[in-house]
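1. Show me the folded form of this:
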Amino acid sequence: MADSITSHSHTLTARPYMFPPETRDPRLSAVVSRLSDLPAEIRLSIFEHAFRGNRVAVTAQSGCYCASSTTGPYRADHQWLLKLNTASSSSPTSWRQLQGEAQRAFVQIALWELHCKRAMVAFVRRMAMLRYLGEVRHLRLSVDEVEVEVNVDAEVAHDHTDARTDVDLHVYDNVWNPQRDLVVFPNLRSVTFAPWEKGWTITIPERLGSRPLWDENVMPRMWRVLESKEAYRPLRETFADKTRGYTLYFVFPICFHLPSSQPQSPPPRRRPRPREGNANLDVDAPRSPLPRWQLCVWRANLDHGIIERDWREMHLAQEATLD
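-> Numbers count the residues shown, from 1 in each chain. Alright, predicted model coming up:
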């Protein structure tokens, strides 16, 4: 979200390979080149189509294993979209207006993946500077199930009106407190919690699609995990708070049997040649085919008890920071 697409390179890293550029609708380029001529509500619909699925990893510069000093241009779809529209822009005023709309829409639509409290501090600082704290809609918070204290100075953030607030991020440890940490984002719609190191798996030795893998049967097993680990106590407390304005999600690993394409049974094995007087060759009974296991990562909507089975966990080859 630089002031211009060329004058400033900050250190956010997008995940463009989730939806590679070549998978974009080829008709989008023709429409984007005429953005400034379209009504604002039509432009917003185009932004939603172009930015859907964008995920941005935010990590810390120091004090955490995710630390990175990597910098570079922000590879995000709103930059690609603006570049296509540069030549057709009729005036600097309309260009600046279009740039602001695209940046704001990207902040609203993208899923911001915050690795730790230090990353949160950097993210809040950056969004406050851009006056976009009120535009952030979707967050993903990594949970370290082993509580690790991190010595970090408390930060006080500005809200999107650029006025002083009394919000203290309390980043004295690496345990999230959504009711306290997320108050700086007044318009959140979803918060996704995900275990950083998945040292456990929900294992259900049944085929995908069978009754034991229905939402109503998987959700209680997932809740048993959440209730058994102290790291998820803040999540449980937040879930109990029905006054919040955002939906809670939880990402979890699950292992089950594939519904088909099981390996073929090995060919029957002949026993040693029988003794004289026994003309029949005994053959071992056919073996039952062994099931094939599948490990997946699903996302559960805690408020509605619904599981997203097409959730995709993305792993960055390169992470960067907002500092």
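2. how about low-confidence regions in this structure?
-> 1-26, 61-63, 65-93, 147-174, 198, 260-288, 314-323 (pLDDT under 70).
3. Spatially, what comes nearest to residue 200 if we skip its sequence neighbours?
-> In this structure, residue 200 finds its nearest non-sequential neighbour in residue 225, 6.6 Å apart by Cβ to Cβ, 6 or more residues apart in numbering. No exception for glycine: its C-beta is placed from N, CA and C like everyone else's.
4. now for the helix or strand hosting residue 49, which elements pack on it?
-> Counting by DSSP states H and E, the element that carries residue 49 is helix 40-51. Packing partners of helix 40-51 (3 or more Cβ pairs under 8 Å, 6 or more residues apart in numbering; DSSP states H and E): helix 27-32, helix 77-86, helix 92-109.
5. Alpha carbons of it, as PDB, please.
-> The C-alpha coordinates for helix 40-51 follow below in PDB (Å, rounded to 0.1, in the frame of the first residue of the first chain):
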ATOM      1  CA  ALA A  40     -17.800   3.300  -8.300                       C
ATOM      2  CA  GLU A  41     -20.100   0.400  -7.400                       C
ATOM      3  CA  ILE A  42     -19.000  -1.500 -10.600                       C
ATOM      4  CA  ARG A  43     -15.300  -0.900  -9.700                       C
ATOM      5  CA  LEU A  44     -15.900  -2.400  -6.300                       C
ATOM      6  CA  SER A  45     -17.400  -5.500  -7.800                       C
ATOM      7  CA  ILE A  46     -14.300  -5.800 -10.100                       C
ATOM      8  CA  PHE A  47     -12.000  -5.400  -7.100                       C
ATOM      9  CA  GLU A  48     -13.800  -8.100  -5.200                       C
ATOM     10  CA  HIS A  49     -13.400 -10.500  -8.200                       C
ATOM     11  CA  ALA A  50      -9.700  -9.600  -8.700                       C
ATOM     12  CA  PHE A  51      -8.600  -9.700  -5.100                       C
END
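6. what angle sits between it and helix 92-109?
-> 50 degrees (axes from the mean of the first three to the mean of the last three Cα atoms, to 10 degrees).
7. So in that sheet, which strands flank the next helix or strand after helix 40-51, and in what orientation?
-> Sequence-wise, the next helix or strand beyond helix 40-51 is strand 55-58, with elements assigned using DSSP H and E. Strand 55-58 has the following sheet partners, assigned by DSSP bridges: strand 13-14 (antiparallel), strand 111-114 (parallel).
8. Please report the distance of residue 189 from residue 249.
-> Going from residue 189 to residue 249 by Cβ to Cβ, to the nearest Å gives 11 Å.
9. wait, I meant residue 188
-> 12 Å.
10. buried set for stretch 292-311?
-> 296-302, 307, 311 (16 or more other Cβ atoms under 10 Å).
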